[in-house]
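S.K.: Got a sequence here, can you model it:
(one chain, ligands or ions: 1)
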Amino acid sequence: MAARYQAPRGTFDVLPEAARGRARIEAAAAAIFARAGYEPLATPVFEDTELFERGVGKSTDIVRKEMFTFEDKGGRSLTLRPEGTAPICRAYVEHGMHKLAQPVKLSYVGPFFRHERPQAGRYRQFHQLGAECIGTDSPLADAEVIMLLSDLLGELGVPGVELRLGSLGSLEARRAYLEQLKAHLHAHEGELSKDVRERIDINPLRAFDSDDKGTQGVMASAPTIVDSLEGEDAEHFAAVRELLDAAGIAYTVDPTLVRGLDYYTRTIFSFVCDQLGAQSEVGGGGRYDGLVEQLGGPATPAIGWAAGIERILLALDEEDEPAGRDAFVAIADEGQRQRAMALAVELRHAGLSAEIDLAGRALKGQLKHANRIGARRVLILEADGSAQLRDMDSGEQRAADPGNLVDEMTGGES
Ligand code: AMP
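M.R.: The predicted structure is shown next:
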């Protein structure tokens, strides 16, 4: 029978057996964040639409066509957050965090929403974890945040990862460069795809991402910003590279690297994985030295990244694992019900996972059920107060000391 109601297109249920892999990723990230001083900050799942229009940029694909926007009952336009950096900066300004010791180092994890065409690794509700270092323009911060993501992917064992590094220069350098790039694109308009041609003046950087052959030809001879970096921008980029070299982090400089959000300045980076298909990026980010000011705060340089939990899971390609149970308390006689329940609670308090039958099964059915939920050991409470302990792997069974059942279960092998 087909289910009458299904999760909306591009969304999915995280089933219990899939939850463990996710929890492992989140726990690894939380530990790495905590050790480096990136404290958790949770922002709401929806924000004023204007925050993303101003923060992410009106010319980006995200704002132009991917936002889930709705009106609340007061006629106010709200949007399900498509990304985490603008909300974090909003919170930084709102809570006066510029008055704290700088930089303020923050991390987050949670669901994000983009109305994209669903495919493997691309969903309409997905989960990101991320780190932001706000309030310093030191290249040390660039290197530190990049190392956090590198550490996380390494610790999780994500295979085939490559770090690509680029720079967009300061806001002014970027502006000057964009004029050069637009001139180049206008000079070759006839060879560009329709989509790129229509957006020359709106978002010329995206031309580097095009999969159109003609456009790619034009881009091969386009000026790149990495090659035209000057002064402090060039020094900053060189310093970041030196720090990564010193830390033994391998990377390739990619002069054509661009990102889909408007706020980036100077360093940008992307971790790609060769195990993934078209959606090959597991995580990425960059500097956004103008964003806090753009959102009404003081001029505040910052850098951060986000990684997709689903992409990491796809890259790891692990089998989902059922959780299993340490113990199941079965009863050979109805009269043992209360004792079984009390014992299961005691075992739980002692730190074991323990279950009892909640469906009125006969003993045979209870043992079958214990097997199905992956219980490693089963205690069988007999009518006369005695107890049997069965090891479900070996099938061995022996009498257990009825006065010491918790110790029997917590004290090692049966
Ligand atoms: P972005 O916020 O666009 O810089 O993306 C950062 C990371 O989030 C990417 O590297 C992906 O791992 C993940 N991501 C972005 N969009 C999606 C999506 N629609 N579905 C799944 N993961 C996504």
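S.K.: Next secondary structure element downstream of the helix or strand hosting Cys89?
M.R.: Here Cys89 sits within helix 85-94, counting by DSSP states H and E. Under the assignment DSSP H and E, the closest C-terminal helix or strand after helix 85-94 is strand 104-113.
S.K.: Is any residue of that following strand near the ligand?
M.R.: No. Using CB under 6 Å from any ligand atom, strand 104-113 never reaches the ligand; the gap is at least 7.2 Å. C-beta coordinates here come from the backbone N, C-alpha and C atoms, glycine included.
S.K.: same thing with stretch 125-140?
M.R.: Yes. Applying CB under 6 Å from any ligand atom, one finds stretch 125-140 touching the ligand at Phe126, Gln128.
S.K.: just use 40 as the starting number from now, easier for me
M.R.: Noted, 40 is the first residue going forward, which turns the last one into stretch 164-179.
S.K.: For that stretch, list every residue counted as buried.
M.R.: Of all the residues in stretch 164-179, those buried under the rule 16 or more other CB atoms under 10 Å are 164-178.
S.K.: Could you do stretch 346-357 as well?
M.R.: Residues Ala346, Gly347, Ile348, Glu349, Arg350, Ile351, Leu352, Leu353, Ala354, Leu355 are the ones in stretch 346-357 that count as buried (16+ other CB under 10 Å).
S.K.: Same question for stretch 119-127.
M.R.: For stretch 119-127, by 16+ other CB under 10 Å, it's Leu119, Arg120, Pro121, Glu122, Gly123, Thr124, Ala125, Pro126, Ile127.
S.K.: about what we covered before: neighbouring contacts of the helix holding Cys128?
M.R.: Here helix 124-133 makes contact (CB atoms under 8 Å, 6 or more residues apart in numbering) with 80, 82-83, 86, 90-91, 93-95, 120, 136-137, 143, 145, 147, 169, 171, 173, 300, 302, 324, 327, 330-331, 334-336, 339, 341, 343, 345.
S.K.: cool, and stretch 426-445?
M.R.: 382, 385-386, 389, 406, 409-410, 414-421, 424-425, 446-448, 453.
S.K.: The residues you listed in helices, which ones?
M.R.: The helices, defined by DSSP state H, take in Leu382, Glu385, Leu386, Leu406, Ala409, Asn410, Asp446, Glu447, Met448 from those.
S.K.: Tell me the most packed of these, by neighbour count.
M.R.: When neighbours are taken as other CB atoms under 10 Å, the top entry among these is Ala409 (26 neighbours).
S.K.: Check whether that one really touches Ala369, as I assumed.
M.R.: Yes. Ala409 is in contact with Ala369 according to CB atoms under 8 Å; the separation is 6.5 Å.
S.K.: can you list residues touching both of the two?
M.R.: Val417.
S.K.: May I have the beta-bridge partners of the residue of the stretch 140-289 of the chain found nearest the ligand?
M.R.: Nearest to the ligand, among the residues of the stretch 140-289 of the chain, is Phe165, at 3.4 Å (CB to the nearest ligand atom). Beta-bridge partners recorded for Phe165 (DSSP bridges): Phe151.
S.K.: list the contacts for it?
M.R.: Residues near Phe165 by CB under 8 Å, 6+ apart: Pro150, Phe151, Arg153, Gly347, Ile348, Glu349.
S.K.: same thing with Gly205?
M.R.: Contact partners of Gly205, counting by CB under 8 Å, 6+ apart, are Ile264, Val265, Val292, Asp293, Pro294, Thr295, Leu296, Val297, Thr306, Ile307, Phe308.
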